[in-house]
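Asker: output the structure for:
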Amino acid sequence: MNARFVALVAGVGFFFLALITQGVLPFFEPSATTNHVTAVIRNDLGQLKWMETSATDYTPLQNMGRRIYLREGCWYCHSQYVRPVTGETRRWGPVSEAGEYAYDVPHLFGTRRIGPDLTREGLKYGDEWHLAHFWNPRMLTPESIMDPYSGLFDAPSTPVKIFKGAASGTTTLERNAITEKLFDYSSKEQVKITPNAQGLLFVPLSAQGKYPVVFTPNNEYAGGTVKLVIETKEVEALIAYVQKLGMNRGKWRDLFEPQEMEGAGISMPRSEEWIEHGKEVYERRCIGCHGVRGDGNGPAATFLYKQRPRNFTQGVFKFRLTEGSLPTDGDMLRTITRGVRGTAMPPWYDLPLDDRLSVIQYIKYVLAVDRTNPKKPVQFFDESPGEPLYIPKPPAPTTASIAHGKEIWVQAKCWECHGKQGKGDGEKAAGLTDDPGFAIQPANLTSGQFKSGPSVTDIFRTISTGLNGTPMPSFRDSFPDADRWALSYYILSLSAFTDPITGEPLTMISAADREALDNPKLQTPGPEQAYGLLSP
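Answerer: Numbering: from 1, shown residues only. A predicted model of the protein is given here:
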C-alpha cells in the first residue's frame with residue numbers, strides 16, 4: 001500500500017465525514033436545531049444587558065436575499081462563524097452560538113476566508129455602503145479582490161440626457177422609454193438624485209414613481225448625460241439578508257470593546273511625514289466616498305442618497321466636544337474609530353492607530369482648506385478648536401428622571417423633527433436639509449442606531465453641542481445639565497426592548513423578564529452571565 005493510495009482513501013473519507021457532520025447530523029442533533037441565543041438588549045433605564053432569548057427566522061425579503069447569496073456563490077469566500085479564540089472575538093464580535101443557525105439550512109460556516117467573515121456583518125455598514133460595494137467593491141477598497149456584482153442592478157447601456165424641465169424649471173432627465181418606466185413625470189412629489197463626477201447616477205427604489213430632479217448644488221457633475229444605475233428588488237433583498245447577520249445577538253455592537261474609544265482634548269503637532277502617510281491611508285480607505293479633493297463627491301457618493309459623505313473642504317464637522325466649531329484630534333479619532341452608525345461611514349477600529357492619526361493630519365492640513373480664492377486659501381485648522389467641554393459623570397438613571405426627560409423632549413420640541421414616538425417622522429422632517437442643501441432625515445431613535453455613539457454620555461454630548469452642518473441645534477444654553485441628562489436617558493429609553501434592525505418592540509420578552517432586566521442591580525457582564533442562564 002503506497003502513500004498515494006492512503007492519501008486518496010483519506011481524502012475521500014474526510015470528504016464524506018464533512019458531508020455527514022455538516023449536511024446530515026444537523027437534522028438529528030438537537031443542538032443544531034435550537035434557537036436559543038444570548039443577546040444584548042437595552043432596558044427601560046437605557047442600560048445594556050445580556051439575556052437569554054430566541055433567534056428569529058428570516059423575513060421573506062431576507063430569505064430572498066439568502067437565496068441570492070447562495071446563488072451568487074458569496075459563501076465560497078465568506079465564512080459565517082466566530083471561533084472562540086481571542087483574535088476572532090476582537091475582530092468580529094461575540095463567539096457564535098448554535099441558536100444563530102437554527103434557520104440556516106444549509107449552514108454557511110465556510111473555512112476559506114478569502115473575504116472577511118460575515119457572522120457579525122449586520123449594521124456594521126449602512127445600506128448605502130453595501131449598494132456601492134455590490135456595484136463595484138473597488139470604489140470603496142481599491143485593493144479588494146471581490147468581483148463586482150453589477151449584474152444585480154438594472155444598468156441601461158444608453159446614456160440619458162440632462163435638461164431643464166419645462167414645467168417645473170428644475171434640472172431633470174429626458175423622457176424616453178427607460179425613464180418613463182422609472183419615473184412619473186406628472187407627479188407632484190419630487191425626488192432629488194445626484195450623479196458622481198464621472199456621470200454615474202444611482203436611482204434607488206424609493207425614487208421610482210416620482211418626478212426626478214438632478215440635484216447638483218455644489219457642481220458635483222457638469223456633464224450633459226448620465227449613466228443610470230437602478231436599484232432592484234434583488235439588491236434590496238441581498239442587503240436585507242446581510243444586515244440580518246449577527247443581529248440575533250441584539251445590540252451587541254454597543255458593547256463591542258474595540259469600538260469603545262473615547263477622546264476629546266488630544267492634539268498632535270503638525271508633521272509633514274504623518275501628512276504624507278495620511279495621504280496614502282486616505283487614498284486606500286476614504287477616497288471612494290469623500291473624493292480626491294475631500295469634497296464629499298467620490299465615485300461612491302451617488303449611492304449615498306440618504307446622507308452624503310462629509311465635505312472636508314468646508315471645515316464643518318458634526319461630532320466634537322469643544323467650545324469652538326472645530327473638533328480636536330481626539331474628537332476626530334473617536335469618529336474614525338467608531339464610525340457613524342446608520343450611515344455609510346464604517347468603524348475603522350481595525351486600522352492601526354498610526355494610520356488613523358495620520359489620516360487626521362491629512363484631513364486637517366490638506367483637505368480642510370477653502371480654496372475658493374486659490375491665491376488666499378483659508379486653512380481652517382490654523383485656528384484653535386477651542387477648549388474641550390467638560391462632561392461630568394452621568395447620574396444614575398431612574399424612572400423619575402426618564403419621566404422628566406420626556407417633559408424636556410416636549411419643551412425642547414424634539415418631536416417636531418424626530419416625531420412623537422422618536423421614529424424620525426416629525427412634522428418638519430420632510431423639509432430638512434444640511435448646509436450644502438441635501439435632504440437629511442432625522443434619526444429614528446427607536447432603532448438605537450445613534451450616530452455619535454450608544455452611551456448616555458454620547459447622547460448628552462450631542463444634545464450639548466448639536467451637530468454642525470445639520471438642523472440639530474445645541475441645547476447647552478437652553479437647559480441645565482440635569483435636564484440634558486434626563487433627556488439623554490429618555491432618548492435611550494425609546495430604543496428599550498426593540499429590534500435593532502426594525503426598531504419594533506421585542507414581543508418575546510415577558511412582563512416579568514422586563515421587570516427583572518429593569519433592575520439596576522442586575523449585572524450581566526457577558527453572554528456567559530446572561531439573564532436567564534444564571535439565577536437572578
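Asker: measure residue 308 to residue 343 for me?
Answerer: Using Cβ to Cβ, to the nearest Å, we find residue 308 at a distance of 10 Å from residue 343. For the C-beta atoms, the positions are set from N, CA and C on the backbone; glycine is no exception.
Asker: so between the two, which is more surrounded?
Answerer: Shown here are residue 308 and residue 343; by other Cβ atoms under 10 Å, residue 308 has more neighbours (25 against 21).
Asker: now that one. Nearest residue, chain neighbours left out?
Answerer: residue 438 (5.0 Å; Cβ to Cβ, 6 or more residues apart in numbering).
Asker: tell me the contacts of that neighbour?
Answerer: Residues near residue 438 by Cβ atoms under 8 Å, 6 or more residues apart in numbering: 192, 194, 215, 217, 307-308.
Asker: quick one: residues contacting the residue nearest to residue 121 when sequence neighbours are not counted.
Answerer: Distance criterion Cβ to Cβ, 6+ apart; nearest residue to residue 121, sequence neighbours excluded, is residue 245 at 4.7 Å. Contact analysis of residue 245 by Cβ under 8 Å, 6+ apart lists 80, 118-122.
Asker: which one of those sits closest to residue 524?
Answerer: Within the contacts of residue 245, the smallest distance to residue 524 is 19.3 Å, found for residue 120 (Cβ to Cβ).
Asker: tell me where the stretch 401-536 of the chain has strands.
Answerer: Assigned by DSSP state E, counting those that start in this stretch, the stretch 401-536 of the chain shows no strands.
Asker: which regions of it lie under the pLDDT threshold?
Answerer: 534-536 (pLDDT under 70).
Asker: now with 90, please.
Answerer: The stretch 401-536 of the chain contains residues with pLDDT under 90 at 431, 435-437, 447, 452, 502-503, 507-508, 533-536.
Asker: cool, the stretch 101-250 of the chain as well?
Answerer: In the stretch 101-250 of the chain (pLDDT under 90), the answer is 105-114, 163-170, 218.
Asker: report all helices and strands that whatever helix or strand residue 39 lives in contacts.
Answerer: Here residue 39 sits within strand 36-42, counting by DSSP states H and E. Contact partners of strand 36-42 among helices and strands, from 3 or more Cβ pairs under 8 Å, 6 or more residues apart in numbering; DSSP states H and E: strand 48-54.
Asker: need the next SSE after the strand it packs on, C-terminal direction.
Answerer: Heading C-terminal from strand 48-54, the first helix or strand you meet, by DSSP H and E, is helix 60-71.
Asker: just the buried residues of that next one, please?
Answerer: Neighbour-count burial for helix 60-71 flags 61-66, 68-69 (criterion: 16 or more other Cβ atoms under 10 Å).
Asker: check which helices and strands that helix sits against.
Answerer: When contacts are defined as 3+ Cβ pairs under 8 Å, 6+ apart, helix 60-71 sits against helix 233-244.
Asker: for the closest residue to residue 124 other than its chain neighbours, give me its contacts.
Answerer: The spatially closest residue to residue 124, leaving aside those adjacent along the chain, is residue 346, at 6.3 Å (Cβ to Cβ, 6+ apart). Residue 346 makes contacts with 124-125, 129, 339, as judged by Cβ under 8 Å, 6+ apart.
Asker: of all those residues, which two lie farthest apart?
Answerer: 129 and 339 (10.0 Å).
Asker: could I get the buried residue list for stretch 40-58?
Answerer: Buried, per 16+ other Cβ under 10 Å, within stretch 40-58: 40-53, 55-56.
Asker: on that earlier part again, ok, now how distant is the residue nearest to residue 124 from residue 361?
Answerer: Distance of residue 346 to residue 361, given as Cβ to Cβ: 21 Å.
Asker: check residue 231 too.
Answerer: Counting by Cβ to Cβ, the gap from residue 231 to residue 361 is 37 Å.
Asker: who has more neighbours, the two?
Answerer: residue 361 (25 against 22).
Asker: could you check the pLDDT of that one?
Answerer: Looking at residue 361, its pLDDT stands at 97.
Asker: quick one, helices of the stretch 251-400 of the chain?
Answerer: Remark: helices assigned in the stretch 251-400 of the chain by DSSP state H, counting those that start in this stretch are 272-285, 287-290, 329-338, 353-362, 399-411.
Asker: so which elements touch the third one?
Answerer: By that I understand helix 329-338. With 3+ Cβ pairs under 8 Å, 6+ apart as the test, helix 329-338 has helix 353-362 packed against it.
Asker: and if we set it to 10 Å?
Answerer: Here helix 329-338 touches helix 353-362, helix 456-465, going by 3 or more Cβ pairs under 10 Å, 6 or more residues apart in numbering; DSSP states H and E.
Asker: over to the longest one?
Answerer: Contacts defined by 3+ Cβ pairs under 10 Å, 6+ apart place helix 272-285 against helix 353-362.
Asker: give me the distance from the helix it packs on to the chain's centre.
Answerer: The chain centre lies 21 Å from the centre of helix 353-362; the measure is Cα atoms, centre = their mean, to the nearest Å.
Asker: state which helix of the chain is the longest.
Answerer: helix 3-19 (DSSP state H).
Asker: surely residue 115 meets residue 80?
Answerer: No - counting by Cβ atoms under 10 Å, residue 115 sits too far from residue 80 to count as a contact (11.2 Å).
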